[in-house]
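1. predicted structure and sequence below. I'll ask about it afterward.
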Amino acid sequence: MAQVIDGWTGYVRIVIGLNTTTITPSTTSTDSAIRIVLALVANAARETGADVQAWADSTGKLRIYSGSTWRLVSSGTTKDRLMTPASDILSAGVTWEASSAHANGYYPARGMAIRGAPAAFTSSLSSGEGAYAGANVLGTSSISFTGYETISNQWTDELAMSDGSTWDVWRDGFYVLRARMGRTTRARWGALGSEATLRFQGDLVRGGFA
């Protein structure tokens, strides 16, 4: 998950061969790290026909892959928030890995359950073969989230989720939804007493692939 925030400056760019794909977030509106990086790889894949993908590991560190030789360039707060390099050239088939988690993310160490998520994905060939597709099914306007983490971390996370902020959700490199968070409940979980669940409700703002 990534919080939708303002204050974006600069850009992030992928260069493959003679093609340059650039995402320049608006300085006057809000967006999230998830939406920006997914827009980047989707546009690069469409424009070049290369296999370009992005996802985050379990700690929120971004990963970007290209099946072709490529260059990753970024600047401004976009660079600082995504943890992307000023300029880095990578070989075909090499995955770029961020050194730390992207800004304003929520990736609970023990996992997260989402109920009511309005998304279903199709199975298809890779984007380079022209058949990469996703579909979503809208079924509810209220989404329930449960994160599993240590008590100390959940205390901070509870404050972030209970202020009416808006968050984007993705899974395995696919955009799932955007929701505005509301009521939260934190409770001890497990036998050790050092773990906690954080349950929070979100109102659907945008479904997948919108």
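-> Looks like it arrived, so ask away. Residues are numbered from 1 along each chain as shown.
2. now what about the helix or strand that contains Gly147, what contacts it?
-> Using DSSP states H and E, Gly147 maps to strand 142-150. With C-beta atoms under 8 Å, 6 or more residues apart in numbering as the test, strand 142-150 has contacts from 106, 108-118, 154, 157, 177, 179, 189, 194-204. All C-beta spots, glycine's among them, are computed from the backbone N, C-alpha and C.
3. for the following helix or strand past it, buried residues please.
-> Downstream of strand 142-150, the first helix or strand assigned by DSSP H and E is helix 151-161. Neighbour counts over helix 151-161 (16 or more other C-beta atoms under 10 Å) mark Ile151, Asn153, Gln154, Asp157, Glu158, Ala160, Met161 as buried.
4. by pLDDT, rank those and give me the bottom one.
-> pLDDT across the buried residues of helix 151-161 is at its lowest for Ala160, which sits at 77.
5. now that one: how far from Ser29?
-> 21 Å (C-beta to C-beta, to the nearest Å).
6. what's the burial count for the closest residue to Gly93 other than its chain neighbours?
-> With sequence-adjacent residues excluded and distances taken as C-beta to C-beta, 6 or more residues apart in numbering, Gly93 is closest to Gly67, at 6.0 Å. Residues within reach of Gly67, counting by other C-beta atoms under 10 Å, total 19.
7. and if you look at the one 4 residues further on?
-> Using other C-beta under 10 Å as the criterion, Arg71 is surrounded by 15 other residues.
8. list the helices and strands the helix of greatest length in the chain packs on?
-> Identified as the longest helix of the chain according to DSSP state H is helix 33-48. If you count contacts as 3 or more C-beta pairs under 8 Å, 6 or more residues apart in numbering; DSSP states H and E, helix 33-48 packs onto strand 2-3, strand 12-16, strand 19-23, strand 52-56, strand 62-66, helix 76-82, strand 166-171, strand 174-189.
9. how about the backbone phi and psi for the closest residue to Tyr107 other than its chain neighbours?
-> Distances taken as C-beta to C-beta, 6+ apart place Gly60 nearest to Tyr107, at 4.2 Å, with adjacent residues excluded. Backbone torsions of Gly60, given as degrees, to the nearest 10, read phi 90, psi 10.
10. for burial, what's the neighbour tally of Asp163?
-> Residues near Asp163, counting by other C-beta under 10 Å: 10.
11. now it, nearest residue through space, not along the chain?
-> Asp163's closest residue in space is Met181 (C-beta to C-beta, 6+ apart), at 7.7 Å.
12. do the same with Val169
-> Val176 (4.4 Å).
13. surely the one you found meets Leu204?
-> No. Val176 lies out of contact with Leu204 (C-beta atoms under 8 Å); the separation is 10.6 Å.
14. quick check: Thr48 vs Ile64, distance?
-> On the measure of C-beta to C-beta, Thr48 and Ile64 end up 14 Å apart.
15. what of Val73?
-> Where Ile64 is concerned, Val73 sits at a distance of 12 Å (C-beta to C-beta).
16. perfect, I'm done here.
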